[in-house]
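Colleague: structure for the following, please:
(chains A and B)
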Amino acid sequence: MIEIHLLMLLITVIIGLIFSYLAIIEKDSLKAIGFSAVHAIAYAIAFYILMAPDIVLAYVAVAVGIYSALLIFVVSKTERYEVV
Amino acid sequence: MKRLVPLIILLITIFGLAYYITPKLPQQTELRPLGEFYLKNSYFGDYSAKSPEVVTSILWDYRGLDTLFETSVFFIAIIGSLTLFRLNKKQEEEAKQKAEEFRIGLTLIIKSVTRVIVVMILAVSASIALHGHLTPGGGFQGGSALAVAPLLIIAAYSKYALEEHGLDKTRALIFRSIGLLGIALVALVPLLSGGFLMQNQPIFPAKLGGQLVSGSLIYYNFFEFLAVGAGFTAVFLLLAIPEKVFKKFLRREANE
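Modeller: Residues are numbered from 1 along each chain as shown, chains lettered A, B, ... in the order given. Below is the predicted model of the structure:
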């Protein structure tokens, strides 16, 4: 049974890693915020598998809701596209 | 394709490291003494916090002062962002006026869905906070879930919809102050009856009307819930002021 949990943990953490990488290299800030929200969902599942429900409740609300919204507010006050 | 190369290198490195390091780590077979102490004492035992939820009893009882200072850090962070966006009385009134070319929010579908979801979020966040001493969750988790509700309203309708229904920045700050004051008072109450700061048992009653309330934990959770939810709401209300309005204020100040 524990092997299935470890496998699920591996998959979710890798999804989180991939989306955090995509969020870093993305030039369109709004898309990057979306990637970061997906990363947060993957990590919330990982925390749930690691048996930390208290963290999950705070993490989902902050990282998916409040943090993304805060960044969207910031983007709306500046430029959407990063120009290098 | 070219931008995926670093990702693949990263993944291979992590898998390689994990493959070589994991077998060499010592296996944890038994509980650490500290963890065992908390598990045995949080409800039963001599140092009981009268709460079956170990995490909340650590947060607000055994390690209560840590959480008190954590709350003060959050308080200072909110104060900092309020200072960044400070407006005088006249500007505040002007920021509440709807701009003429302002479009009224998103489509009807999103508005109706938001209306239903906001009620559900309020119920869930209250249950997270007020059952914090029984099930996973607590004041901060419930408060940050509560803050999502005004956020959704701001996104689907506008910040003016919130202000017209009476939730403006001043009210949010008043709720936040009530929360912080409540936390400070609950922390100081044990001193009156000869206890120490933030003591829980046996000063606060563990049961009220046959319901397990775990002494002071439910009060801390409730006040933290108010403080966090209202603090976030105040910041969002300030952030939602359109950039055009801010620029107008700045230009006027520069001219004066």
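
Colleague: any buried residues in stretch B:49-66, and which?
Modeller: B:49-51, B:53-62, B:64 (16 or more other C-beta atoms under 10 Å in any protein chain shown). Yep, even glycine has a C-beta here, placed from its N, CA and C like the rest.

Colleague: how long is that stretch from one end to the other?
Modeller: End-to-end distance of stretch B:49-66: 16 Å, with C-alpha to C-alpha, to the nearest Å as the criterion.

Colleague: how about stretch B:232-248?
Modeller: End-to-end distance for stretch B:232-248, by C-alpha to C-alpha: 25 Å.

Colleague: tell me which parts of chain A are close to chain B?
Modeller: Within chain A, the positions lying close to chain B (C-beta under 8 Å from any C-beta of the partner chain) are A:14, A:17-18, A:21, A:25, A:53-54, A:56-58, A:61-62, A:65-66, A:69-70, A:73, A:76-77.

Colleague: so what pLDDT did the residue in the stretch 151-256 of chain B positioned nearest to chain A get?
Modeller: When scored by C-beta to the nearest C-beta, the stretch 151-256 of chain B has B:Leu239 as its residue closest to chain A, at 4.4 Å. Note on B:Leu239: pLDDT of 87.

Colleague: count the residues that sit near it.
Modeller: Close neighbours of B:Leu239, defined as other C-beta atoms under 10 Å in any protein chain shown, add up to 19.

Colleague: and it, what does it touch?
Modeller: B:Leu239 is in contact with A:70, A:73, B:85, counting by C-beta atoms under 8 Å, 6 or more residues apart in numbering or on different chains.

Colleague: same thing with B:Phe225?
Modeller: B:125-126, B:129-130, B:139, B:142-143, B:146, B:179 are the contacts of B:Phe225 under C-beta under 8 Å, 6+ apart.

Colleague: dump those to a markdown table, plus secondary structure.
Modeller: Shown next, in a markdown table, are the contacts of B:Phe225 (DSSP: H, G, I helix; E, B strand; the rest coil):
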| residue | secondary structure |
| --- | --- |
| B:Ser125 | helix |
| B:Ala126 | helix |
| B:Ala129 | helix |
| B:Leu130 | helix |
| B:Gly139 | helix |
| B:Gly142 | helix |
| B:Gly143 | helix |
| B:Leu146 | helix |
| B:Gly179 | helix |
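
Colleague: just those that are near chain A?
Modeller: Answer for those near chain A (C-beta under 8 Å from any C-beta): B:Gly142.

Colleague: nearest to B:Gly209 among the contacts of B:Phe225?
Modeller: Relative to B:Gly209, the closest of the contacts of B:Phe225 is B:Leu130; by C-beta to C-beta it sits at 14.6 Å.

Colleague: what does the pLDDT read for the closest one?
Modeller: Note on B:Leu130: pLDDT of 91.

Colleague: contacts only, for it.
Modeller: Taking C-beta under 8 Å, 6+ apart, one finds B:142, B:218, B:221-222, B:225 in contact with B:Leu130.

Colleague: any chance of those residues in TSV with secondary structure as columns?
Modeller: Shown next, in TSV, are the contacts of B:Leu130 (three-state DSSP):
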residue	secondary structure
B:Gly142	helix
B:Ile218	helix
B:Asn221	helix
B:Phe222	helix
B:Phe225	helix
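
Colleague: of all those, which two lie farthest apart?
Modeller: Farthest pair in the contacts of B:Leu130 (C-beta to C-beta) is B:Gly142 and B:Ile218. Separation: 11.7 Å.

Colleague: quick one, which of the two is more surrounded?
Modeller: B:Gly142 (29 against 25).

Colleague: for chain A, see how far away the residue nearest to that one when sequence neighbours are not counted is.
Modeller: Leaving out its chain neighbours, the residue that sits closest to B:Gly142 by C-beta to C-beta, 6 or more residues apart in numbering or on different chains is B:Ala129, at 2.7 Å. Look at B:Ala129 and chain A: by C-beta to the nearest C-beta, to the nearest Å, they are 10 Å apart.

Colleague: can you give me phi and psi for the spatially closest residue to A:Ile25 that is not a sequence neighbour?
Modeller: With C-beta to C-beta, 6+ apart as the criterion, A:Ile25 has its nearest non-adjacent residue at 5.6 Å, and that residue is B:Arg3. The phi/psi pair for B:Arg3 (degrees, to the nearest 10) reads phi -80, psi -10.

Colleague: how about B:Thr29?
Modeller: Backbone phi and psi, for B:Thr29 under degrees, to the nearest 10, turn out to be phi -110, psi -20.

Colleague: can you report how many residues neighbour the residue nearest to A:Ile25?
Modeller: For B:Arg3, using other C-beta under 10 Å, the count is 10.

Colleague: dump the contacts of B:Phe225 to CSV, plus distance to B:Thr107.
Modeller: As requested, the contacts of B:Phe225 are exported to CSV (distance: C-beta to C-beta, whole Å):
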residue, distance to B:Thr107
B:Ser125, 26
B:Ala126, 29
B:Ala129, 32
B:Leu130, 35
B:Gly139, 35
B:Gly142, 30
B:Gly143, 30
B:Leu146, 26
B:Gly179, 35
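
Colleague: if any of the contacts of B:Phe225 are buried, put those into a ChimeraX selection.
Modeller: Buried residues among the contacts of B:Phe225 (16+ other C-beta under 10 Å), as a ChimeraX selection:
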select /B:125,126,129,130,139,142,143,146,179
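
Colleague: quick one, strands of chain A?
Modeller: Secondary structure of chain A by DSSP state E: no strands are present.
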